[in-house]
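A.B. asks: Sequence and predicted model, in that order:
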Amino acid sequence: MDVSTVSAGASAATQNAAALLMAKKSNDIQAQSALSLLAAVPDAPKYNNPAALGNSVDTRA
């Protein structure tokens, strides 16, 4: 085997590992951002409607 072939193979493997690590890190950052956005969403308002309101639907037009 030629030394340059082995060197090129090792370099490609190192570049692939670095690219994979950067992709994982990017995914982690996006997940953290999404969680912080979801945490910032306010809770749905609680309405104090009468108990019978909304229990039936009139289907006649």
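C.D. replies: Arrived safely, thanks for sending.
A.B. asks: Could you use CA atoms for every contact and neighbour count after this?
C.D. replies: Fine.
A.B. asks: helix, strand or coil for Pro42?
C.D. replies: coil (DSSP: H, G, I helix; E, B strand; the rest coil).
A.B. asks: For the helix or strand Thr14 falls within, give the mean pLDDT please.
C.D. replies: Assigned by DSSP states H and E, Thr14 belongs to helix 3-40. In this model, helix 3-40 carries a mean pLDDT of 89.
A.B. asks: from the chain's centre, how far out does that helix sit?
C.D. replies: Put simply, helix 3-40 sits 16 Å off its chain's centre (C-alpha atoms, centre = their mean, to the nearest Å).
A.B. asks: From Asp28, how far off is Asn16?
C.D. replies: 18 Å (C-alpha to C-alpha, to the nearest Å).
A.B. asks: how distant is stretch 26-44 from the center of its chain?
C.D. replies: 8 Å.
A.B. asks: what's the answer for stretch 28-48, then?
C.D. replies: With C-alpha atoms, centre = their mean, you get 13 Å for stretch 28-48.
A.B. asks: Sort out which residues of it are buried, please.
C.D. replies: The neighbour-count check on stretch 28-48 (16 or more other C-alpha atoms under 10 Å) flags nothing as buried.
A.B. asks: Can you give the contact residues for that stretch?
C.D. replies: By C-alpha atoms under 8 Å, 6 or more residues apart in numbering, the list of residues contacting stretch 28-48 from outside is empty.
A.B. asks: got the contact list for Gly54?
C.D. replies: Gly54 neighbours (C-alpha under 8 Å, 6+ apart): none.
A.B. asks: change the start of the numbering to 24 and stick with it
C.D. replies: Yep, numbering from 24; the last one is Gly77 now.
A.B. asks: so it, which of the three states?
C.D. replies: Taking three-state DSSP, the label given to Gly77 is coil.
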